[in-house]
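*Asks:* A predicted structure for the sequence below; I have some questions about it.
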Amino acid sequence: VKSQIRHILPHGLNEPNHRLRVGLACVISAVAEWDCPESWPELLPFLIESLKSTNKSLIHGSIRVLTEIVRDLDDRQLPYVLPLLLPEMYRLMVSNEFNLRIRTRAIGVFTLLVSLVHDINEHDRILSVGYILPYLSHYCEAFKRFLIAPDSSLMTDTGCRIETIRALTLLFKSFPKLMQQNAAELLQSVWTCLTSNTENYVATVVYKHGEMDASVDSDGETLSFECLIYSLFEFVQVLMDLSMYKNSVKSSMEELCYYLILCMQITEEEFDSWSKNVSRYVEDESDDSFSHSVRLSALELLMSITSEFKKEAGIGLWKAVQ
């Protein structure tokens, strides 16, 4: 009976109803956690082949399942899976045929694959580089476009940029030398993304000018300026931790300090609340607080920068507040 169920389940991924399709994808992922690949060897080939379909519902359902099961792939499966999945994720990612949620999810699968290759890199560098190198320049070129394209182009949105920054953060952290060839243009694109979205955040969140670009994906994750800026700050921190990229942060110190200070401004609601109740301020600003904010993230990064680059950060801060 279980074998028959496993045979039937994947064929429902082309269900036109979004909610039913998502529910079925969750069921398949849950079963696969226990049965794949030993008792369900045909699932992964089916999903990979489904990505080539012209049925967009089937592609969406398949990539949702892949998002869950890719993280559990082992060293024996990677040599088979990587050459098949990496080109397909790139094709989905750059094609205007697919909506942004499918394309964003493709970036997420790519990031999961990179994390698996990184694990191999710790004990077999040559093998891991061989997996990722043939596709790296193509992905990097696409990431540059996603970061700087306006939302009106339909090429990208906040959620897509968040996944792009997460992918780049892992790539620079895992393969810093491999990224050198593409680093200059990528870092410029990240900087453009940081400055423009920081200005958007300050205008819409701090000063309440215009509508905030916030949405929730089908997994319930909030896709907003805050999430994007958290990811950008994490990327900057990773650069600081890498000796070969540390100077790229140092050379932009004055501008970086300026944008961090922008993000450290309090909103009008916070000003009103804290002015009336000092205890609320202490609670919100406590290290034990469960809430986090862009302002606190900016402060943490600024403290890290001033610790690493005392002289340059001091000059940058002085100029930023003039």
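*Replies:* Noted; the coordinates are in hand. Numbering: from 1, shown residues only.

*Asks:* low-confidence ranges in this structure?
*Replies:* The model of the chain has pLDDT under 70 over residues 121, 152-153, 209-223, 286-292.

*Asks:* name the element the residue lying closest to residue 82 once chain neighbours are set aside belongs to?
*Replies:* Ranked by CB to CB, 6 or more residues apart in numbering and with sequence neighbours excluded, the top spatial neighbour of residue 82 is residue 131, at 5.1 Å. C-beta: built from backbone N, CA, C; applies to glycine. Counting by DSSP states H and E, the element that carries residue 131 is helix 125-148.

*Asks:* how far away from the center of its chain is that helix?
*Replies:* 15 Å (CA atoms, centre = their mean, to the nearest Å).

*Asks:* do stretch 90-101 as well
*Replies:* 16 Å.

*Asks:* thinking again about what came up before, from what I see, the residue nearest to residue 82 and residue 81 are in contact.
*Replies:* No. Residue 131 lies out of contact with residue 81 (CB atoms under 8 Å); the separation is 10.0 Å.

*Asks:* hmm, residue 133 is touching residue 178, no?
*Replies:* Yes. Taking contacts as CB under 8 Å, residue 133 lies within contact range of residue 178: 6.6 Å.

*Asks:* out of the two, which sits in the busier spot?
*Replies:* Between residue 133 and residue 178, counted using other CB atoms under 10 Å, the more crowded position is residue 178 (18 against 11).

*Asks:* measure residue 180 to residue 173 for me?
*Replies:* Separation of residue 180 from residue 173 (CB to CB, to the nearest Å): 14 Å.

*Asks:* sorry, slip of the keys, the one I care about is residue 122.
*Replies:* The value you get for residue 122 to residue 173, if CB to CB is used, is 13 Å.

*Asks:* what number of residues lie near residue 95?
*Replies:* 11.

*Asks:* excluding its backbone neighbours, what's nearest it?
*Replies:* The nearest residue in space to residue 95 (CB to CB, 6+ apart) is residue 103, at 7.4 Å.

*Asks:* work out for me the element the one you found sits within.
*Replies:* Using DSSP H and E, residue 103 maps to helix 100-121.

*Asks:* tell me which other helices or strands that helix touches.
*Replies:* Counting contacts by 3 or more CB pairs under 8 Å, 6 or more residues apart in numbering; DSSP states H and E, helix 100-121 packs against helix 56-69, helix 78-94, helix 125-148, helix 158-174.

*Asks:* wait, doesn't residue 274 sit right on residue 281?
*Replies:* Yes. Residue 274 lies in contact with residue 281 (CB under 8 Å); the separation is 3.9 Å.

*Asks:* rewinding a little: more neighbours: which of residue 180 and residue 173?
*Replies:* A direct count of neighbours by other CB under 10 Å for residue 180 and residue 173 places residue 173 higher, at 18 against 12.

*Asks:* residues touching the more buried one, list them.
*Replies:* Contact analysis of residue 173 by CB atoms under 8 Å, 6 or more residues apart in numbering lists 238, 241, 242.

*Asks:* ok, the closest residue to the last one other than its chain neighbours to residue 83 distance?
*Replies:* Pointing back at residue 242 there. Leaving aside its chain neighbours, residue 242 sits nearest to residue 176 (5.1 Å; criterion: CB to CB, 6+ apart). Per CB to CB, residue 176 is found 24 Å from residue 83.
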